[in-house]
Structure formats: C-alpha cells, structure tokens
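**Q** model this:
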Amino acid sequence: GPSDNVDAQDGETAVPGAEEIATALHTSKLPLREVAKAWKLAPFLIKNLERDGFKSFFPIQALTIPEVTKSENVRVRDVCIAASTGSGKTLAYLLPILNSIATRLVRRLSALIILPSRDLAMQVYKVLESYVENSDLKVGLAVGQSDFEAEQVNLTVDQNYPDRETSKHRLNIERGNLELALSSYGDIKEVEDVQFQCRTAVDIMVCTPGRLIDHLDHTPGFSLRYLKFLVVDEADKLLSERYQNWIDRVINEAEGEVGTMQPNTKASFLPNRWAQEIPSPYSSENSFSRSVRRPVQLRKFLVSATMTRDPQKLASLGLTNPKYFDANNMTGTNAGPTSEKFVLPATLHECTVECTPEQKPVVLCSAILEHYQDSPVEQKGIVVVFTSSVESTHRLTRLLQIIWHESGSGDPSSVAEFSSALSQEQRTSLVARCTTPDGGLSVIVCSDSMSRGIDIETVGLVINYDVPNMAKNYVHRCGRTARAGKSGKCISILRTDQGNQFKRMRRSVMDPERITNISVDKSIARSIVPVYRSCLSHLREMLESEDHGELRHTDQINFSQLES
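**A** Coordinates of the predicted model:
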C-alpha cells in the first residue's frame, strides 16, 4: 500500500511504513546517549542535549534523524515534516544538519533556515546558538528591523582572514570609509586582485525571506553556491505568501549553475581610474563566469504544523523524491500523503462555552479567575487569550487591566498585549517576561500573529475569545499549550449562533468528539458582573485619552487619574 512506499522512485513521494513508525516509537523510549551514539551524532550535540535535560528523543526525531543521517552519502531525498509546536520538530531538522556540517574543513554557508517572521527566526536562532556550543560552527541571523550593514559584516567578514583581505571586503560594504580604502589599496598597483569571492563568516544562517533577498541583492560575496541544506520552517505560511518571489530566487541562486548566478561585487565604490583595472564580474574573461556545476547537492526540508500537500505550492520548491514524516500520525498506522486532517496533542483538553455577545467579557474573566482559583501562575501557567484583530486585542487588554484593578483580582501589569502594534523591542521584552519565573505575567491577549510558533513553555490555558474560521488557525492557537507531552487546556467562547460553524471547522481536525461543552462558575461570574459594568465607563475614558495622545497604547494605566 502507499503507506509502505518507503523507497519511492524519483519524483514520487513516500511515507514511512508501519514498521518504520514502530521502530521510531520504540527508539523514542530508549536512553538518549545510547541512541545518539548508534546514529553517530557528534559528541558536542550529545553534550548539549544532555545539558538541556533530554533523557530520550521525541518520536518525530526518532523517525526523521536516522533517515537524514543514513542517506547522507546516498541519493538525496527531500524531507517534509508535519509536526505541531512542542513535538520536537526544530531539533528534528537541526540535529542532522549540524551533525553533517560539523565535519566541514572550510567555512561555507552550508545551511539556510527561512522563517516567516522576525520573532520565529530569533527563536530558532537562539536554539541553534545553544546547540553549536562546544563546536567551531558559527551561526548568523538576518531579519528586518536591525542594522543591515552590521548584519552584512557579521555574515561575510570572517575575523580569521588576514587584515588586508578583511579590509578589502569590508570596503565593499562600507563604501565611503576612507580609512578602509587606504588600508585595502594603499598602493594603486595592487588593485588587480579585487575579484568576486564567495565569502562567509557563518556556517548556518537563520533569516526571513525579505531580508535574505536584500543580502542576495546588496551584500558583496554573499552566495548560496555551497548550500547543502535549505529549511523552510512554517512552510504553509511561507509558501502561501510570495515575499518578492523569494522561492524562485533562492532555488535559482542555490541550484543554478554557478555561471548563471549574478555576483554581487561591483567596482562602483572605487575611483574611476581604479575601477578600470578591475575585471568586471559580469565579463566573459572573468573566471567566475565559466559554468561550473554546484559543488554539493542541495537537500530541502519543509517543516510545518499543518503541512500542505498542494502540488502547485510544492512544485515551486522542486522537491526531489520527498518523504513525508507526520508526527501527528505515529500511532502505528499511516494515512498516507493524501490525509489533510490536522491533529492536536493528546494531552490537550478542548472545551467550548456558549453565551450571548454581551456576556463574553464576563465569561472570559470568570474562566481566567477559575483557572487561577486554587493555584498561582507558577503552577497553572500563563493564560493566552486570542482575538480576531489588533484593535480587539488592545481594547480587551485594557478592559482586563481595569477589571483586575477594580476587583482586586491581581496586578493590572500582569495582563499584557502581544500584537503587531508593539515595537520589536517591546515584543522581545514581553517574551522574556513570559520565560522568567518572576516576570509577573499571568495573562497575554494577542492577535493571530502570536499563534505561529512563539515558544513559551509556560502556557497552561488558551482561550479563543474570538473563534477562528479556519482549522489551521485553531490548531496553531491550541498549539501554544499542551507542549512536549505536558497537559493543557483550550476554551473557545462561542456566541449562541456560532455552535454549528465551530463544529464544521473542528471536523477538519482529528477526533472532533474530544470537545466538551462546559459552563463557567456561576458564583465567580455573578461577582464579576457589577465590576464589569462599572469598568466600561473607565475603558471609554481611557481609549479617548489614547486617541487624543494623552496616553500611549503601551503605557501603564494611571488609576488615580481615572478615578478622579
């Protein structure tokens, strides 16, 4: 059957057979060190895994890592991984990639990991940084909203180069720097050795698509010529948004013959009399323009919680005999590559509450207070509330802050918003507060921008204040809790007319019968109603002060002014 099609011919897709899945499930129960040695993982990787407290591998890692390591020197098979956040999917691709490039003799840009947002890229970069410890591998980061010139230097200036070479290369980037020009070309006769070079100071780069294109267009010496691994993480989102046609561009740069690539170095930064002596990187005499086959075969990884099987989307990546690994389908059977159902962790408890639109804020407050009734945040974990827009996120955050103050339920600053309205610095600071025990956060209200992989291990409850229309978004939101085998809960607050619509959406996710309908604690709800009513006028007043510029969206509320 198709589920045993492990050795698909070129152009076909394959999935692991039942025996392969059974072996992986068995392997995931064995001691980590024993398995890692059998896979011939580098000692520094084993050391880093043990440092992080891992005792064994996750099932998806036990399935994919040996597949990648054993076929290193055979024909390349591209890899598609469908796994929810918290299932170990990041290390499922990072470990075999790091293991492969750790043996390199010369530093080249060997692996490129592309993610849809700066936040996600920073997150994967931090994991990578901690896993290259005890090795000489170097990791680079290229994302928007940061100093582009500094990024160019970090990615392409290797401090081990001789001083003169480094100066020449830096001059390509810092074109008006007279000091660099003099240290590079103090004697005019030496100009002829300015040639286009593939240069890199990093082995692996984590980036967003737009920033990658910027470096391909504007960073001298930046090249994908030696790329061995291309990882498209959050693939469903990246493939559905074109981002300046980044897919075609990256595939052409990485897989094209070397002669078809456009070198980035231009001589325009030098005076005319110098530039005339420099061979043009585009001229036929230039040794670079001879067609040379790429030195290594490129291997692609597609990773996502909700993996697309849309042939048109996948065609743009030109996958070679792709093999699909589905973490959500590791029960010993395999539905094959036609299965489109989404899957949620078995440790997630899903509930719905039905109410009128007017009752929604009261139901929300009651659900949060009930969650914390018997235990503090440290035991129960943070509550994440999802809304349908940035405006709703802000309004609801302010309302909860006022209710928390008026009812004495907690410190208003323990309620925060996370949305695209915040600056990058504010978002980074908020994620840091979530991950520190004394960060003082108990509730985060956010828009869907946070539902994609922002990695906060301490989420105990997800509440859908506004229910998503698409199963994909529902799965991503729920994926904030019940991670790495821990239990978690998701409550969806439905208007009385949304029940059928929600059921239809939920049928696209496995086990729709798992959902239970609940009601909130009536005594808590009754105590909230009068407080909520009195807070509405305060909310109006505060939103007006924001509109008039008297209060910034991100400022803490001055309650003494509100009450006066």
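
**Q** what's the span of stretch 113-123 from first residue to last?
**A** For stretch 113-123, the first and last residues are 12 Å from each other (C-alpha to C-alpha, to the nearest Å).

**Q** Which positions in the lengthiest helix in the chain come out as buried?
**A** Looking across the chain with DSSP state H, the single longest helix is helix 522-547. Buried residues in helix 522-547, counted by 16 or more other C-beta atoms under 10 Å: Ile524, Ala525, Ser527, Ile528, Val531, Tyr532, Cys535, His538, Leu539, Met542, Leu543, Ser545. To be clear about C-beta, it is placed using only N, CA and C from the backbone, and glycine gets the same treatment.

**Q** I'd like the average pLDDT over that helix.
**A** The average pLDDT for helix 522-547 rounds to 89.

**Q** Which of the helices and strands in this structure ranks last by mean pLDDT?
**A** When the helices and strands of the chain are scored by mean pLDDT, DSSP states H and E, helix 272-275 comes last with a mean of 33.

**Q** Backbone dihedrals for the residue nearest to Leu30 when sequence neighbours are not counted, both of them.
**A** Leaving out its chain neighbours, the residue that sits closest to Leu30 by C-beta to C-beta, 6 or more residues apart in numbering is Ser56, at 6.3 Å. Backbone geometry at Ser56, expressed as degrees, to the nearest 10, gives phi -150, psi 170.

**Q** May I ask you to confirm that Ser56 is in contact with Glu34?
**A** No. Between Ser56 and Glu34 there is no contact under C-beta atoms under 8 Å: 9.4 Å.

**Q** Looking only at neighbour counts, state which of the two leads.
**A** Ser56 (17 against 10; other C-beta atoms under 10 Å).

**Q** pLDDT score for the residue most central in space within the chain?
**A** The centroid of the chain falls nearest to Leu120 when counting by C-alpha atoms, centre = their mean (3.2 Å). Looking at Leu120, its pLDDT reads 87.

**Q** now Arg452
**A** 63.

**Q** Okay, Phe386 and Val362: tell me how far apart.
**A** 18 Å (C-beta to C-beta, to the nearest Å).

**Q** what do you get for Lys55?
**A** Going from Lys55 to Val362 by C-beta to C-beta gives 44 Å.

**Q** Would you map out the domains in the protein?
**A** Domain ranges of the chain: 2-145+203-256+297-329, 348-548, per automatic domain parsing.

**Q** With distance to Asn154 as new columns, can those domains be given to me in JSON lines?
**A** Formatted as JSON lines, these follow (distance: least, C-beta to C-beta, whole Å):
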{"stretch": "domain 2-145+203-256+297-329", "distance to Asn154": "6"}
{"stretch": "domain 348-548", "distance to Asn154": "18"}
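
**Q** Minimum distance to Leu155: which of those has it?
**A** domain 2-145+203-256+297-329 (4.7 Å; C-beta to C-beta).

**Q** what bits of the stretch 51-200 of the chain have low per-residue confidence?
**A** Across the stretch 51-200 of the chain, the ranges flagged by pLDDT under 70 are 71-75, 145, 158-199.

**Q** in stretch 40-55, what counts as buried?
**A** For stretch 40-55, burial by neighbour count (16+ other C-beta under 10 Å) applies to Leu41, Ala42, Phe44, Leu45, Ile46, Asn48, Leu49, Phe54.

**Q** Pull up the distance across it, start to finish.
**A** OK, stretch 40-55 end separation, C-alpha to C-alpha: 17 Å.

**Q** what does stretch 465-473 give?
**A** End-to-end distance (C-alpha to C-alpha), stretch 465-473: 13 Å.

**Q** can you list contacts of it?
**A** 236, 306, 342, 360, 364, 385-389, 392, 396, 445, 448, 451, 474, 477, 492-494, 498, 501-502, 505-506, 508-509 (C-beta atoms under 8 Å, 6 or more residues apart in numbering).

**Q** Good, we can wrap up now.
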